[in-house]
Every structure is written in C-alpha cells, then in structure tokens.
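Engineer: Model the following, please.
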Amino acid sequence: MRNNNVLVVDDSKVDRLIIMKTLESANYDINVIESDDGIDIIEKIKLNEIKVVILDIMIGDIDGIEILKQIKADQQICDTPVIMCSSLHDSYSITQSLENGAYDYFEKPISNKTLKITLALKIKNALDVRFRLDHMKYLQEYDSLTGLLSRKSIESEIQKYSERGHILTVVILDINGLRILNDAYGHDVGDKIIREVSDAVRCVSDGYLCSGRWGSDEIIVLLPFSVQKSIAKFIERVKEQIDSTRKNDYGITFGWATSRHNEPFDRLTQNAEENLYSNKILEKSNVRRLMIDSIMNTLHQKNPREEKHSVRVSMISEALSKELGFSDYEVKRITLAALMHDVGKIVVDEKILNKPGKLSEEEWISIKRHPEIGFKILSTSTDTIDIANSVLVHHERWDGKGYPKGIKEKEIPIAARIIAVADAYDAMTAYRTYRERLSSEEAVQEIVRCSGTQFDPLVVDAFIKVSESKKIDQEMVSIHENQNLINEEQLQSVMI
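Structural biologist: Presented below is the predicted three-dimensional model:
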C-alpha cells in the first residue's frame, strides 16, 4: 500500500485542524502527522517516512525558510516536496520559499471553499510527484523483476566494503540455458525462473550481506567470510533451496572469489566471473543437451504424432545418407538433424499442432516460424550448431522458392536437402483427417515429379534406389508398430 504520510508544521492549532479536516474530506487516503514547534523536523521526516511537508513560514520564533533549507540540504530527504504557507501576504516570503526549493505555496487563513479544494489538490499532486521520484529511485537501486539490488547498487556495496578493508567473498549464480528456455517457452517462463532463483537466494538470507541481479541470467551474493567450508556450505544451501522449489528444468552454475589485501573491487568480481566461466565450460555441453532433450520431450507430449513423424523422417534420412555414401559419423549427424528438425514447433500452440482440419492463414504463419525457432534453440550448444543450420533451412527448395531464407541448390546444406525429401514423403503417406494419404508408390512419383524444383535431383535419385529396395516401407512398418519410439539411449547414440 502506498505511503501518504504528510507532516504539518504549524504553531497554530486552528490552522493545523483546518488543514487536517480539509485533507480528510478530500478522500485521498492521507495520513497527517502534526508538529507545533518546528523542532527536530529533519528527524521527524526520517522517522515517520514523510512524503510531503506543509511548513509555516514562521513557527513561533523559528524561521520556516531555514527549516526548508535544512530539508533540501539533507541527501536522504531532499526530494521531499515542501509546501510553504503563511499569513504574512508578502511577495518576499513567496519568492524566498520558491527560490529555496519549495514545491508550492499557499496563504492563510484557509477560509474559502476554493482554497480548501486547491489545497487538497496541491497535496495530492505533491504526493504523486514524490511517488514517481521514489519509484525512479527504486528502479535505480533495485532490479524490477526480482526485487534484488541492481548491478550499480551491488557495485557500490562491494566498493564500500572493500574500502573499509572487510573480508568479502563474491558468489555469482548463473542460470544455465536461459536463452534456450526463452526461445522454447517464451520470456514469461524465463522471468519466472529468474524470480524462482532469486527467491531461493532470499530464503537463504542469513549469513550474507546482500544480493543482487548481476546480469540477465546471473544473481550475485556478497558473503562476509572467506573460509572455503563456509562458502561451500552456503552454495549447498542455495542448491537445496532451488531444488525444493524448482518448477522448470534448468541448471545453476556457481562461481566465486574472495578479496585479497588492497585488491581493487572490480578485480574481485572479475575473478568470480572467471571462476564461473571455468565451471560453465565443464558443465555447459551436458546441461544444454539435456535441456534440448527436455524440449523435445515436451513437444512430443504436446503432440505424440510429432514424435512418430520425427522418428520416421530420421529413419528415412538415415537410409538416404547411407545410400549417398556418407561416413558413419555424418550419417549420425544427419539422422539427429532429422530427428530434431521440428523442435521449433515447441512455440506453436498445442491446438494448432493437433488441429484435425486444414490450417488457417494465421495458423500457417505460426507454423512457418518453427525452423527459425529450432535454429535458436539448437545453436545455443556447440554439440548441435551444425544441426541447427540444417534445421533452419529444411523447408528451403532447390529452386529457391522455399523459406525462411529463400536460398537454392547447393547453398542449402546437404542434410537439409535430405530431410526435405524424407519430410515430404512422410507427410504424403501419413494419415490426416482432412485428406487421404498417398500410397508409397504415389508419394515416390510425386517426389520424382518435383525433382529439380522442390528437391535436389541427387537426393531424389538416392531416394528412388532406397524406395526400390523396400527399406523405407520396412522401417515405416517397424515404427508404426513400436510405441516406445525414442529413449534416452537412442538419442545419446546419435549425439556422440
């Protein structure tokens, strides 16, 4: 709830009462605090978290202008709007008040109806100004997503402790694969994960000095000790807290460093980042691969038909790549690219993926985004960067009329050209509620007809040979009968 504390400093009990009644009748939810002597006003403002001050020009023998100057000279409360009031009716008092930083001014006595209305509005406007100033200050000092300190504030804290010669350990937590999760599930999910991790750090708050948002996917914590056992214990507690509240699949990598005598504060954070990146190198490949596997599993849960389609396309692509004479390693990479060629459909609405009829133009536009989304997901890992390039262009055509890039012929990676043929064959022979599926013979004829326009003639020739050997039909039957299509062991075998 917004704090609307207003301090009224006036030695006239009658005037204070009129001001209080005026503000109460305005229904602005204002809490009025009184002072009749003008003594210790600075302390009262700080103690009561005053947002606006109404200050008389003269409070007994005390000069209100001098109090105004003191308020504006104090760094902690200088942003507090001060509205001056006086019964002196002289322009000099008004000029002095405004020149010394007063927000506004009004004259007493408060008698007529118009002044009572305008006084309430003056206070409301001053409170609104103060609220905006406080909010701007908050955004400078705190991260709006997590409520933790901002990077600038954390840097100030580190410098402060370093200058005082305090022992300081910096621990940085990095959320692994946040970019993958943002691309796959949207930034709302990524934001929830960031809040989840920051809340876990906040729950383990005893024993550390402060915490903040260090980067887009990093949280930083300052510890007042350097004993390795204590640091390890803190990290373990954070891990346990994250594990107990985790709602999404992600990993956390930690990096840390302890200050040395007379070491610059920026060197301390640099050492912690270097330690973090060293640890990430050891963990990154496996973690990101597991996240990609998780995304694939989520897609197949959304649409089991996609899993069967991906396996069939991968089997056909394997047969074609063998027919074209690729090495065992290359065959595995092409097979994996085919298995993951539709991973970008994770962002497509489940209703669209499972729609029994034809897609609308808007739905078709949504579907056509999947190669680029798949590329974003797979290009985050060095294990799948070559596969990402093939996934990006598996809907390109030999004649350059495909999407998303409109490239043609050998500009298209050979893996993508193979997948294009396998994908088309499976789409034509698979059952759809809105059309009859083609027989194997009819699908082969259609692929031959599109050789040199939609498909690479070399790949089509290989496809004809494979189809004549009946290898494709045998594999299709096997896949249709097998319910446990993809398991972790099979996926890992082609990732090697």
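
Engineer: domain parsing for the protein?
Structural biologist: 5-141, 151-283, 303-495 (automatic domain parsing).

Engineer: Nearest to Ser294, out of the ones you listed?
Structural biologist: Among the domains of the chain, domain 151-283 comes nearest to Ser294, with 4.6 Å by C-beta to C-beta. Any C-beta I mention is one placed from the backbone N, CA and C, and that applies to glycine too.

Engineer: mind checking how far that closest one is from the chain centre?
Structural biologist: Averaged C-alpha coordinates place domain 151-283 at 16 Å from its chain's average position (C-alpha atoms, centre = their mean, to the nearest Å).

Engineer: per-residue confidence averaged over it?
Structural biologist: For domain 151-283, mean pLDDT rounds to 86.

Engineer: Ok, stretch 26-45 next?
Structural biologist: Averaged over stretch 26-45, pLDDT sits at 89.

Engineer: what's the straight distance from one end of it to the other?
Structural biologist: Stretch 26-45 has an end-to-end distance of 23 Å (criterion: C-alpha to C-alpha, to the nearest Å).

Engineer: residues making contact with that stretch?
Structural biologist: Residues outside stretch 26-45 that contact it (C-beta atoms under 8 Å, 6 or more residues apart in numbering): 2-11, 13, 16, 19-20, 23-24, 48, 50, 53, 55-56, 59-60, 62, 64, 67, 70-71, 74, 77, 80, 120, 123-124, 127.

Engineer: for stretch 192-210, same thing?
Structural biologist: The contact list for stretch 192-210, computed with C-beta under 8 Å, 6+ apart, reads 145-149, 154, 157, 161, 168, 173, 175, 178, 181, 211, 213, 217, 219, 221-224, 230, 234, 237-238, 241-242, 245-248, 250, 252.

Engineer: Pull out the buried residues from those residues.
Structural biologist: 146, 148-149, 154, 157, 161, 168, 173, 175, 178, 181, 211, 213, 217, 219, 221-223, 234, 237-238, 241-242, 250, 252 (16 or more other C-beta atoms under 10 Å).

Engineer: In strands, which of the residues you listed appear?
Structural biologist: Leu173, Ile175, Ser211, Arg213, Ile219, Val221, Leu222, Leu223, Ile252 (DSSP state E).

Engineer: isn't there a strand covering Val32?
Structural biologist: Yes - counting by DSSP: H, G, I helix; E, B strand; the rest coil, Val32 is part of a strand.

Engineer: give me the number of residues near it?
Structural biologist: 18 (other C-beta atoms under 10 Å).

Engineer: Which residue is the nearest non-sequential neighbour of it?
Structural biologist: Residue nearest to Val32 in three dimensions, not counting chain neighbours: Met20, with 4.9 Å by C-beta to C-beta, 6 or more residues apart in numbering.

Engineer: and that neighbour, what are its phi and psi?
Structural biologist: Backbone geometry at Met20, expressed as degrees, to the nearest 10, gives phi -60, psi -50.

Engineer: sorry, back to before: quick one: the ones in strands among the buried ones among the contacts of stretch 192-210 as a markdown table, columns for distance to Gly325 too.
Structural biologist: Converted to a markdown table, those look like this (distance: C-beta to C-beta, whole Å):
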| residue | distance to Gly325 |
| --- | --- |
| Leu173 | 48 |
| Ile175 | 44 |
| Ser211 | 57 |
| Arg213 | 53 |
| Ile219 | 51 |
| Val221 | 56 |
| Leu222 | 60 |
| Leu223 | 59 |
| Ile252 | 45 |
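
Engineer: and which of those residues is nearest Thr382?
Structural biologist: For those, the nearest to Thr382 is Ile175 (18.8 Å; C-beta to C-beta).

Engineer: which stretch of helix or strand covers the nearest residue to Glu323 once chain neighbours are set aside?
Structural biologist: Take Glu323 and drop its neighbours on the chain: the residue closest to it by C-beta to C-beta, 6+ apart is Ala462, 4.3 Å away. Following DSSP states H and E, one finds Ala462 within helix 457-468.

Engineer: Give me the residues contacting that helix.
Structural biologist: With C-beta under 8 Å, 6+ apart as the test, helix 457-468 has contacts from 316, 319-320, 323-324, 398, 414, 417-418, 420-421, 425, 440, 444, 447-448, 450-451, 472-473.

Engineer: cool, stretch 303-323 as well?
Structural biologist: For stretch 303-323, using C-beta under 8 Å, 6+ apart, the contacting residues are 299-300, 330-331, 334-342, 345, 350, 353-354, 415, 418-419, 421-423, 425-427, 430, 459, 462-463, 465-466, 471-472, 475-476, 479-480, 485-486.

Engineer: Looking at these, which are in strands?
Structural biologist: Members of the contacts of stretch 303-323 lying in strands (criterion: DSSP E): none.

Engineer: Show me where the stretch 251-400 of the chain has its strands.
Structural biologist: 251-258 (DSSP state E, counting those that start in this stretch).

Engineer: Now do Phe410 against Ile387, distance only.
Structural biologist: Phe isn't right for residue 410; it's Lys. Distance, Lys410 to Ile387, by C-beta to C-beta, to the nearest Å: 19 Å.

Engineer: These two: which has the busier surroundings?
Structural biologist: Each of Lys410 and Ile387 has its neighbours counted (other C-beta under 10 Å); Ile387 has more, 28 against 11.

Engineer: buried sites along the helix or strand harbouring Glu196?
Structural biologist: Following DSSP H and E, one finds Glu196 within helix 187-203. With burial defined by 16+ other C-beta under 10 Å, the residues of helix 187-203 counted as buried are Val189, Gly190, Ile193, Ile194, Glu196, Val197, Ser198, Ala200, Val201.

Engineer: In a markdown table: these, plus distance to Ser294.
Structural biologist: Shown next, in a markdown table, are the buried residues of helix 187-203 (distance: C-beta to C-beta, whole Å):
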| residue | distance to Ser294 |
| --- | --- |
| Val189 | 12 |
| Gly190 | 15 |
| Ile193 | 13 |
| Ile194 | 18 |
| Glu196 | 16 |
| Val197 | 18 |
| Ser198 | 22 |
| Ala200 | 20 |
| Val201 | 24 |
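
Engineer: about what we covered before: just the buried members of the contacts of stretch 26-45?
Structural biologist: 4-11, 16, 19-20, 23, 50, 53, 55-56, 59, 62, 64, 67, 71, 77, 80, 120, 123-124, 127.

Engineer: which ones among these are found in helices?
Structural biologist: Cross-referencing the buried ones among the contacts of stretch 26-45 against helices under DSSP state H gives Arg16, Ile19, Met20, Leu23, Gly64, Ile67, Ile71, Ala120, Ile123, Lys124, Leu127.

Engineer: what's the average pLDDT for stretch 443-459?
Structural biologist: 95.

Engineer: likewise stretch 62-70?
Structural biologist: Stretch 62-70 carries an average pLDDT of 94.

Engineer: just how off-centre is that stretch within its chain?
Structural biologist: Using C-alpha atoms, centre = their mean, the offset of stretch 62-70 from its chain centre is 48 Å.

Engineer: how many other residues sit next to the closest residue in space to Ile18 that isn't next to it in sequence?
Structural biologist: Of all residues not flanking Ile18 in the chain, Ile110 sits nearest, at 4.9 Å (C-beta to C-beta, 6+ apart). Ile110 sits with 18 neighbouring residues when counted by other C-beta under 10 Å.
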